[in-house]
Every structure is written in C-alpha cells, then in structure tokens.
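[1] Let me see the structure of the following:
(chains A and B)
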Amino acid sequence: MLCKRVIVCLDVRAGLVTKGVRFQGNVDLGDPVEFAARYDAQGADELVFYDITASAEKRTLFLDVVRRVAERIFIPFAVGGGIRDLETMRAVLLAGAEKVSINSPAVRDPELITRGARAFGSQCIVLGMDVRRCSPSRDIPSGYEVVIDGGRTPTGRDAVAWAKEAVARGAGEICLNAIDTDGVRQGYELRVTRLIADAVAVPVIASGGGGEPAHCVAAVTEGGADAALVASMVHYGHYTVGDIKLAMRAAGVPVRPLFAAAATPPAACQQAPDSS
Amino acid sequence: MSARVTIVDYGLGNLHSVIKAFRYLGANVEIATDAQGLLAAPRLVVPGVGAFADGMQGLRARGQDAALRRRAAEGCPILGICLGAQLLLAAGEEFGRHEGLGLIAGTVRRIPDQGVKVPHVGWNRLWPPADDAERWRGSLLAATAPGTWAYFIHSYHAVPEDPAAVLAIARHGPHVITAAVRQQRIVGCQFHPEKSGPAGLAMLQAFLAEPA
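    Now for the predicted structure:
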C-alpha cells in the first residue's frame, strides 16, 4: 500500500534556505545540502526546493545547489520557481531532480504543462497552485480563486476547474498552497484540499499552514491529501519529520517508517499482476 | 579495483541520479552515448524517465537497441530502471502500441486506475510474487527484506507473459503492480533504487557485485 508522504519544502534564495511569512519578509536559515541531509536522516519522504530568486543570474547558483543535493541525498526531490520552458525543466532534471513544479507560468501558458508531460512524462510535472478564499460566484463556484505571482495577481479562475484542466493536460501531481493559511502555522486549509483531492485522479500535496504534527494528520485524513508539505515547523526545530510520522501512525495513517522492518505479505498480494 | 558500470545514455533526462548513486558507491561509471560504448561494457544500466516511444526512438537512433540485444545474448548483466525497465519488454502501450527491446516477453500496460490514483507516486513496499517467495533469493534483491520500502513514480508497469519473470510486486489499492522483472541476468526495477535510500543503494551495490 502506498503510504502518505511527508515532504519538506526548502525555499532557496541566493543559495541559502530561507523562510517567508505570507510571501513577505524572508529569513535566511542555512545551507540547503545540510538541511536536506538532516531531513533525509529524519525520514522525510521527499524534498522540494523552490528557487525564490529565480533570476537568470542566480539560476546557475541554484542549479549548483540541486547538483550538490543530488550527490549526497538519495531520496526524491522536486524543484520549482521560475521554470518557464522545457530547457529549464531539462536542466533541473539533468541536475538530479525527479520532478519540476510549475505555477504562475503554467497559468499564463497552460501548454507548458502539455509540452512538459510529453517531453518528460506526466510523473515529472507537478502543478503548483496558489489559491485564495473568496465569495463563491458564477465564475468561481468553489469559492477558491487561483492567484499567481506569489499571491499578488488574482486570475479570476476557479481552483477546482484549473486543477482539472492541468491534470487533463498531463500534470502528474498537484501541490496545493493556500495563501490564507501559508506561513501562519495554524493548520492547512482542509476544505479546498478536500475539494481538489476529490476532483482529480492524481496525488495532491497539501501546502500552507502546517504548524504541528496534528495539522499534517488532518491534511491527509480530513483533507484527503496524499502528502503534507512542511517547512517552518521543521526548519526551526519545533518538530522533526519523525514526530510528524509518529502522529500519523498513531492516527492509523500508513507511513514509511524510519527503519523499515520486514513483515508478512498482506493477503491481497497473493495474486498475479494486474493486466487489465 | 572499483567495479565498472556503463550507463546507457539514449537522450532522455535523469541519467544523473543514477550516475551519482553509482559514484557514491565507488563504482567506475562510464556513460555510453552510442552503440560502441555498450559492446565491451561489463555491466549495463538502462535508466530513464519519459515516454516509452521516445525511449525506444532514442535507443534506435543510436543503434543501442541492437547493441543491448547483443549484450543480453552474450550474458551481460543488464539493469533497467523505471522507463529503462519497461523498455526491456516486447511492447509498450503508452501513447499507442510501440515495439520494445523484447528481452523479456510481455507488454507494458497502464496501471488500472479503479479506486486508486495514477500515477503511482511515492513509497511502497516490495514483496515477492505470490507463486514463488524464493525467486528473489538469487537476484539483486537477495539481501532485501520482503516489505522493504522503495520509491515509485510511474503510470505504466510491465506485465510479462511468463509469471516467472515477475521478481517483485507492490500493492496499489486493490491492484498488484509489477515492481521488478527478471530474465536470466536481465533485471528491471520499476521503482528507483537510486532514490530509495540505503535499501536502494544496497541493490545497486549488489548489481556492481554481479560477475561480468
């Protein structure tokens, strides 16, 4: 059985891990490779690196971070921030990332999803989407609007409709970030998480608002997410990834343990591979 | 002397994770961008992320398909990873039906999506196939405990004609997914050993220990 994942998000600015609150005011925290190694040791299932400078001159520095991480860390990681074309996708995949996450550029040019999925496979393409609560309307029936440029630009698009279109175009995963709850550590926006998770057939990562292990449990149970993305709650040493997994396991959520033990195969394994 | 391994570069991305993992293990890693580089290689790895047809086209354009078949016939150990594992089969059904390398009889099919999410992304456990729990004893997985966690990221999986070619399985909801296939010295891992932590690195180490 596929387990629920704990994904640690590292915002990288000028080669250093940083953490902002509601996209304003950033604090630099340290070397991305050191952070990555620490979270790998804690049992993180995956890592995400966002290049939050995303300027051409800093791109080289960021690619170097990706390369250095890939030399030391043998768990999967995704890369996002400023990816607007296939060449940049290819560059980060060649540097050792498994997946690329595209957000605002995909809204402006939805064909980018299609082209990326064709070139590298759907499993490589993560749609990052930022959403903000609003009053439900004819154009935005879900009451959640897609916003871009780090929350600065409203798009007038409904979050559920955009998620469905992106998946139809080949997005293999959705990382759903709720602007209203991001960085304030009061819990994920469970309602929109559930709406999106129920609307699409690909895995959904809940992002924005994780402040304690119970929030992560709620994201994958009530929210129906496949993974919880965490940042500040682990960066500042309040909790470890292990704490989160223990809370998940205690709530009956299947997680990959730190030290996987052997067990008796479940009865459902007693079949031939599906060929349908 | 460090073990030699040759990675087949056929133009698709994500070679580097595999290269870095083998280098981390101390291997002498060579990268073959043409057919020639495959002919004298003691061990071959076919990595890959991407679509089946693009993968075959990449191999064919470089004459590496014929070279791989020849090395397979000569008994060279070959390890396919993810798309590289799928290409070992006779045919694939991603974006239409396409001919594969044909080193293992069978077809690469889409994972059934009734009741589960596809792509199958994340950590899942490796189990021996139901009909023969001992099959993986003599393979790369010999030191791998049943139930070990591995990282998967795919929408298609291999369905070999001969069930005896299934080396390991994983469960995805009600479905059984082929996690690894084997035919003599040819092994294909649907999961990514290079991204599966220490357990995955141990499998790559076992591949390096295969007599050339």
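[2] What count of nearby residues applies to the residue of the stretch 51-200 of chain A found nearest chain B?
    Taking Cβ to the nearest Cβ as the measure, the point where the stretch 51-200 of chain A comes nearest chain B is residue A:93, at 4.1 Å. Glycine gets a C-beta too; all of them are placed from N, C-alpha and C. Summarising burial for residue A:93: neighbours were counted as other Cβ atoms under 10 Å in any protein chain shown, giving 25.
[3] same thing with residue A:74?
    23.
[4] show me what contacts it?
    Shown here is residue A:74, whose contacts under the criterion Cβ atoms under 8 Å, 6 or more residues apart in numbering or on different chains are A:40, B:21, B:24, B:194, B:195, B:196, B:197, B:198, B:200, B:201.
[5] Just the buried subset of those, written out for PyMOL, thanks.
    Buried residues within these, by 16 or more other Cβ atoms under 10 Å in any protein chain shown, are selected in PyMOL with:
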select buried, (chain A and resi 40) or (chain B and resi 21+194+195+196+197+200+201)
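[6] Now the residue of the stretch 51-200 of chain A closest to chain B. Its backbone dihedrals?
    In terms of degrees, to the nearest 10, the main-chain angles of residue A:93 are phi -70, psi -40.
[7] If we ignore the residues flanking it in sequence, what's nearest residue A:39?
    The shortest distance from residue A:39 to any residue that is not its chain neighbour, by Cβ to Cβ, 6 or more residues apart in numbering or on different chains, is 4.5 Å, and that residue is residue A:8.
[8] That neighbour belongs to a strand?
    Yes. Counting by DSSP: H, G, I helix; E, B strand; the rest coil, residue A:8 is found in a strand.
[9] I'd say it and residue A:40 touch.
    No. Using Cβ atoms under 8 Å, residue A:8 is not in contact with residue A:40, being 9.2 Å away.
[10] Now for those two: what residues contact both?
    Looking at what touches both residue A:8 and residue A:40 (by Cβ under 8 Å, 6+ apart), the common residues are residue A:47.
[11] Who are the packing partners of the lowest-mean-pLDDT helix or strand in chain B?
    Within chain B, confidence by mean pLDDT, DSSP states H and E is lowest for helix B:15-24 among all helices and strands, at a mean of 91. If contacts are counted by 3 or more Cβ pairs under 8 Å, 6 or more residues apart in numbering or on different chains; DSSP states H and E, helix B:15-24 sits against helix A:56-72, strand B:4-8, strand B:28-32, helix B:197-208.
[12] So which of the ones you listed is nearest residue A:47?
    Comparing the helices and strands packed on helix B:15-24 against residue A:47 with Cβ to Cβ, the closest turns out to be helix A:56-72 (7.6 Å).
[13] Tell me how many other residues crowd the nearest residue to residue B:96 once chain neighbours are set aside.
    Beyond its immediate neighbours in the sequence, the residue positioned closest to residue B:96 (Cβ to Cβ, 6+ apart) is residue B:53, lying 7.1 Å away. A count of neighbours around residue B:53, defined by other Cβ under 10 Å, yields 16.
[14] now do the one 5 residues further on
    By the other Cβ under 10 Å criterion, the neighbourhood of residue B:58 contains 19 residues.
[15] returning to what we had before: for the contacts of residue A:74, give me TSV that also has distance to residue B:175.
    Formatted as TSV, the entries for the contacts of residue A:74 read as follows, by distance: Cβ to Cβ, whole Å:
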residue	distance to residue B:175
A:40	29
B:21	28
B:24	33
B:194	25
B:195	22
B:196	21
B:197	25
B:198	28
B:200	23
B:201	28
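[16] which of the helices and strands packed on helix B:15-24 is buried the deepest?
    strand B:4-8 (a mean of 23; mean count of other Cβ atoms under 10 Å in any protein chain shown).
[17] ok, how many other residues are close to residue B:184?
    By the measure other Cβ under 10 Å, the count of residues near residue B:184 is 12.
[18] Next, work out how far apart it and residue B:78 are.
    10 Å (Cβ to Cβ, to the nearest Å).
[19] next one: residue A:72
    On the measure of Cβ to Cβ, residue A:72 and residue B:78 end up 28 Å apart.
[20] now swap in residue A:240 and tell me
    The span separating residue A:240 from residue B:78 equals 40 Å under the rule Cβ to Cβ.
[21] With residue A:226 instead?
    33 Å.
[22] Of those two, which one has the most company?
    When residue A:226 and residue B:78 are compared for neighbours, residue B:78 comes out ahead with 27 against 23, by other Cβ under 10 Å.
[23] Residue B:187 is in contact with the more buried one, correct?
    Yes. Counting by Cβ under 8 Å, residue B:78 touches residue B:187, with 7.3 Å between them.
[24] So the closest residue to residue B:123 other than its chain neighbours versus residue B:147, what's the distance?
    Spatial nearest neighbour of residue B:123, chain neighbours left out: residue A:256 (4.3 Å); criterion: Cβ to Cβ, 6+ apart. Computed as Cβ to Cβ, the residue A:256 to residue B:147 distance reads 11 Å.
[25] Check residue A:205 too.
    With the distance defined as Cβ to Cβ, residue A:205 ends up 25 Å from residue B:147.
[26] With residue A:164 instead?
    Counting by Cβ to Cβ, the gap from residue A:164 to residue B:147 is 36 Å.
[27] Also residue A:116?
    Between residue A:116 and residue B:147 the distance, using Cβ to Cβ, works out to 35 Å.
[28] ok, now residue A:228?
    In this structure, residue A:228 and residue B:147 are separated by 24 Å, where distance is defined by Cβ to Cβ.
[29] more crowded one of the two?
    Taking neighbours as other Cβ under 10 Å, residue A:228 and residue B:147 compare with residue A:228 leading, 28 against 16.
[30] That one contacts residue A:214, doesn't it?
    No. With contact defined as Cβ under 8 Å, residue A:228 does not reach residue A:214; the gap is 10.9 Å.
[31] Does residue A:129 belong to a helix, a strand or coil?
    With three-state DSSP as the criterion, residue A:129 was assigned strand.
[32] can you check residue A:181 too?
    For residue A:181, the secondary-structure state derived from three-state DSSP is coil.
[33] Can you name the residues that contact it?
    A:187, A:188, A:189, A:208, A:209.
[34] Check residue A:222 too.
    By Cβ under 8 Å, 6+ apart, the contact set of residue A:222 is A:190, A:194.
[35] mind redoing it with 6 Å?
    By Cβ atoms under 6 Å, 6 or more residues apart in numbering or on different chains, residue A:222 lies in contact with residue A:190.
[36] Grab the nearest non-local neighbour of residue A:201.
    Going by Cβ to Cβ, 6+ apart, residue A:201 has residue B:117 as its nearest residue, at 5.8 Å.
[37] Let me fix that, I meant to ask about residue B:91.
    What sits nearest to residue B:91 in space, not counting adjacent residues and going by Cβ to Cβ, 6+ apart, is residue B:107, at 4.9 Å.
[38] again, but for residue A:121
    Ranked by Cβ to Cβ, 6+ apart and with sequence neighbours excluded, the top spatial neighbour of residue A:121 is residue B:50, at 5.1 Å.
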